[in-house]
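[1] Sequence and predicted structure below; questions after.
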Amino acid sequence: MSHILRKHRAAALVGAAIIAGAACLPFTLNAANAVASPADAGGVLAAGGSFASIVDTDKPAVVTITTTVKATDVSADQQSPMDEQFRQFFEDQGIPLPRQAPKNRPSQQAMALGSGFIISPDGVVVTNNHVIDNAVDIKVTLDDGTELPAKLIGTDPKSDVAVLKIEAGKPLQTIAWGDSDRLKLGDQILAIGNPFGIGTTVTAGIVSARGRDLHSGPYDDFIQIDAPINHGNSGGPLVDRSGNVVGINTAIYSPNGGSVGVGFAIPSDEAKAIVAKLQKDGTIDHGYLGVQIQPVTKDVADAVGLDKTGGALVAAVTADTPAAHAGVKPGDIITSVGSESVKTPKDLSRLVADLSPGAKKSLGIWRDGKTIDLNVTVGGNEDGQKQAAAESSDNKGESSGQPSLGIGLADLTPDVRQQLNLPRAVSGAVVASVDPDKSAAAAGIQSGDVIVSVNDRPVHNSRDVKTAIAEAGKAGRKSVLLLVERDGGKTFVAVPFGAA
């Protein structure tokens, strides 16, 4: 098992505790829309700070989920893209994650373990998608030890939420949704689940942080907690002092395989709406635009004439997508979707994901120094695509205070094209050298980058680039926006001008 609970597939670390591998299954449809009544735990702690009344009320509604999965040949040193994104998230914070030594796993049937909770007396169970992903058989064990087969009602991999149905022949104890929006840093919470398969376990802690983005999808808005959660806790409830569900325990950061007090839960206000849709339709078809986006930094805003940061900078538009049909172009800054403002790329990702395919919306666009509106018909999300997929940005540096960008340019000769493996359709100027003490280096420009546009103006050679940069300086711009081609991909880099 890998050393950290990795998103979706591997949230199995914190999520499904792997007994002999991991596994999963796509879903069938059969919805019931019962609503759980609020838990009656008194709303406050008992004398002496005990959580006993909450546990007595909620524990009977928490279940263990065991799945049979079809394991495949896997080498432990093979990392999925999402594994690498999760690793990058922590390494960006200066937290290294150990890599496992290669280890071959033979094909076999395996068992995976997770948790869940009952939200209606007729047996509707909520858990994580990664707990049941690729399962060929699912069983639910109630708190009293009764084991029942479970039917998949619906799943949404992008939010990592799944809904099951069991038939117990009698009304079951339930646990009610709470209001995660009311949670504040320092609030007490309880995590209930079945870590390592040892039996239902309760741990206590506080809310450590809100709005954590692990870069796993458009819905990343995790609650960070310090209550110990481990393998097998995934899908179990995070409850507040009223005994109501304020989150679904989903992932942990762990350098050693166990809890180190850094856990993550999906907020209930997000999960509740997704569960309702899954109960009704069995699946969720998310909206799709077809753009790659990155943040609008102060340097980017200065380069395009915006008076403040905000919005999502379009780095690329996929051909034959809703965005392309609507006329969205690289270099556009999307500032709104309908009546909703876009302040960050995450805002755009979430707004787009929440739209239904076929919805018609107006996009607010900043282009050529003014705001325009483009009408778009939202598409359906396809497998392997991300809505308004956030593109990593290298433009983190600050100006060095020098008057030049600090780059040497050369034209794209046939020899250079061959060395860089560039198609003939690419025009621009290649960065031949970068002064490490000047602003281009600080912004992430590298030797071998090909500059294809400056401030949204296409360039064909080094002279075009120099002229466009000079004109931006004369116009009083504080930075210049370069569209750079690197390793077959394109990204915008805002490079500030140094002080004169």
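    It's in. Residues are numbered from 1 along each chain as shown.

[2] Next, the residue lying closest to Gly211 once chain neighbours are set aside: phi, psi?
    Nearest non-adjacent residue to Gly211, counting by CB to CB, 6 or more residues apart in numbering: Asp221, 5.6 Å away. In this view, the C-beta of every residue, glycine as well, is placed from N, C-alpha and C. Backbone torsions of Asp221, given as degrees, to the nearest 10, read phi -160, psi 50.

[3] wait, isn't Asp221 in contact with Leu214?
    No - Asp221 lies out of contact with Leu214 (CB atoms under 8 Å); the separation is 9.9 Å.

[4] Compare these two (neighbour count), which wins?
    Counted by other CB atoms under 10 Å, Asp221 and Leu214 do not tie: Leu214 has more neighbours, with 21 against 18.

[5] how would you label the more buried one: helix, strand or coil?
    coil (DSSP: H, G, I helix; E, B strand; the rest coil).

[6] how much space between it and Thr146?
    35 Å (CB to CB, to the nearest Å).

[7] what does Ser159 give?
    From Ser159 to Thr146 the distance is 29 Å (CB to CB).

[8] Enumerate every residue touching the residue nearest to Gly211.
    Arg210, Gly211, Arg212, Asp213, Ile266, Pro267, Glu270 (CB atoms under 8 Å, 6 or more residues apart in numbering).

[9] Name the member of those with the most neighbours.
    Ile266 (25 neighbours).

[10] Quick check: beta-bridge partners of it?
    In this structure, Ile266 bridges to Ile248 when assessed by DSSP bridges.

[11] Do I have it right that it meets Asp220?
    No - contact criterion CB under 8 Å: Ile266 and Asp220 do not qualify, at 9.3 Å.

[12] any chance you could map the helices in this protein?
    Applying DSSP state H to the chain gives helices spanning 52-58, 81-92, 129-132, 268-281, 298-304, 322-326, 345-354, 414-420, 439-443, 462-474.

[13] what sits against Val62?
    Each residue near Val62 by CB under 8 Å, 6+ apart is listed here: Ser115, Gly116, Phe117, Ile118, Asp143, Ile175, Ile192, Gly193, Thr200, Gly236, Pro237.

[14] Can you find the helix or strand in this structure with the smallest mean pLDDT?
    strand 17-18 (a mean of 36; mean pLDDT, DSSP states H and E).

[15] coming back round to it: looking at the contacts of Val62, which are in strands?
    Of those, the ones assigned to strands by DSSP state E are Ser115, Gly116, Phe117, Ile118, Ile192, Gly193, Pro237.

[16] are any of those buried, and which?
    For those, a burial check counting by 16 or more other CB atoms under 10 Å picks out Ser115, Gly116, Phe117, Ile118, Ile192, Gly193, Pro237.

[17] partners of the fourth one in the sheet?
    Applying DSSP bridges to Ile118 yields these beta-bridge partners: Val125.

[18] Quickly note the distance from it to Lys370.
    55 Å.

[19] again with the third one
    Phe117 is 51 Å from Lys370, where distance means CB to CB.

[20] go on, the second one?
    Remark: distance between Gly116 and Lys370 (CB to CB) = 52 Å.

[21] ditto for Ala494
    From Ala494 to Lys370 the distance is 19 Å (CB to CB).

[22] Looking at these two, which one has more neighbours?
    Ala494 (27 against 8).

[23] Could you find the closest non-adjacent residue to Val495?
    Ala443 (4.5 Å).

[24] coming back round to it: tell me the most buried of the helices of the chain?
    Greatest average neighbour count among the helices of the chain goes to helix 129-132 (a mean of 29), per mean count of other CB atoms under 10 Å.

[25] That one packs against which elements?
    Applying 3 or more CB pairs under 8 Å, 6 or more residues apart in numbering; DSSP states H and E, one finds that helix 129-132 contacts strand 62-70, strand 109-120, strand 147-156, strand 161-166.
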